[in-house]
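Engineer: No sequence on hand, only this structure:
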């Protein structure tokens, strides 16, 4: 492969932004295309462990990450009543914090800043329509009609990546593993009560009939049913019909005041 002087990155998520900043900082002419029309970011929060923080330090954004986030060196797991189950300390940190949690939005905008300082180009509302790899360079046609040649094309276009499917077919398509994570953002008043008490009170007040779903989630999610207040009645009926062992829990939950 010839020396990389010009690169195209496909996808402006965290991976794409990080790669684009790193390449541009090394003097490589770097362009990024993103199918979304703007930089809207969704999601709640995420953790950056020490190995990720070292990569972010190399991009020159570690101080911004630390200022925007919360550093911690252990994780406590508790049940829905707040009773401790296990505590897991982290030994990843040394020259950087063991973990730093921050919002996905903050992380995204910090990386956008790194990209802009590196002078990289971004094209929103644009995707790759076709590409041909001749072994030396990749000829790319974009959805805006523009065509160009690149030394390197990198795909960060999501879990259902069209670029991955183009290269490998269905061999590496994602497969549901049977796990699910429920997340909720809760406003906390640290002076009033511990975090777990605030979270428990919020969930019980907001979703008083949804506690049984924890017991039947494996069966529900195999049926591709999403747990929301709007879908809860259908989930109740599904659980009653398909998870007989939990019918008592379902009935008990229905008898609770909404």
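Structural biologist: That came through, no problem. Since the structure is predicted, the reported quantities are computational estimates derived from the model, not experimental observations.
Engineer: Give me the pLDDT for the closest residue in space to residue 92 that isn't next to it in sequence.
Structural biologist: Nearest non-adjacent residue to residue 92, counting by Cβ to Cβ, 6 or more residues apart in numbering: residue 50, 3.7 Å away. (C-beta placed from N, C-alpha, C; glycine too.) We have a pLDDT of 93 for residue 50.
Engineer: My read is that residue 50 contacts residue 72, right?
Structural biologist: No - Residue 50 sits out of contact with residue 72 when judged by Cβ atoms under 8 Å, with a separation of 11.6 Å.
Engineer: Overlap in contacts, those two.
Structural biologist: Jointly contacting residue 50 and residue 72 under the rule Cβ atoms under 8 Å, 6 or more residues apart in numbering are 97, 98, 99.
Engineer: Relative to residue 81, which of the residues you listed is nearest.
Structural biologist: Proximity of those to residue 81 (Cβ to Cβ) peaks at residue 99, which lies at 25.4 Å.
Engineer: What residues of stretch 11-28 count as buried?
Structural biologist: 11-25, 28 (16 or more other Cβ atoms under 10 Å).
Engineer: can you check stretch 57-76 too?
Structural biologist: Quick answer for stretch 57-76 (16+ other Cβ under 10 Å): 59, 61, 62, 64, 65, 66, 68, 69.
Engineer: ok, and what's touching that stretch?
Structural biologist: 18, 21-22, 25, 48, 53, 56, 84, 86-90, 93, 96-103, 106-107, 110-111, 113-114, 117.
Engineer: taking those one by one, which sit in helices?
Structural biologist: Secondary structure defined by DSSP state H assigns 18, 21-22, 25, 53, 56, 106-107, 110-111, 113-114, 117 of the contacts of stretch 57-76 to helices.
Engineer: okay, among these, which ones form the most distant pair?
Structural biologist: 25 and 106 (20.9 Å).
Engineer: quick revisit: which residues touch the residue nearest to residue 92?
Structural biologist: Counting by Cβ under 8 Å, 6+ apart, residue 50 has contacts 90, 92, 93, 94, 96, 97, 98, 99.
Engineer: and the helix or strand hosting residue 164, what other elements does it pack with?
Structural biologist: Residue 164 belongs to helix 162-168 when assigned by DSSP states H and E. Under the contact definition 3 or more Cβ pairs under 8 Å, 6 or more residues apart in numbering; DSSP states H and E, helix 162-168 sits against strand 128-133, strand 152-155.
Engineer: Direction included, what does the shortest one pair against?
Structural biologist: Yep, that's strand 152-155 we're talking about. strand 6-10 (parallel) (DSSP bridges).
Engineer: Show the average pLDDT along the partner strand.
Structural biologist: For strand 6-10, the per-residue pLDDT averages 93.
Engineer: Just the residues contacting it, thanks.
Structural biologist: Strand 6-10 has contacts (Cβ under 8 Å, 6+ apart) with 16, 19-20, 23, 28-33, 127-128, 138, 140, 148-157, 163.
Engineer: Kindly recompute the last result at 7 Å.
Structural biologist: Strand 6-10 has contacts (Cβ atoms under 7 Å, 6 or more residues apart in numbering) with 16, 19-20, 23, 28-33, 128, 140, 150-157, 163.
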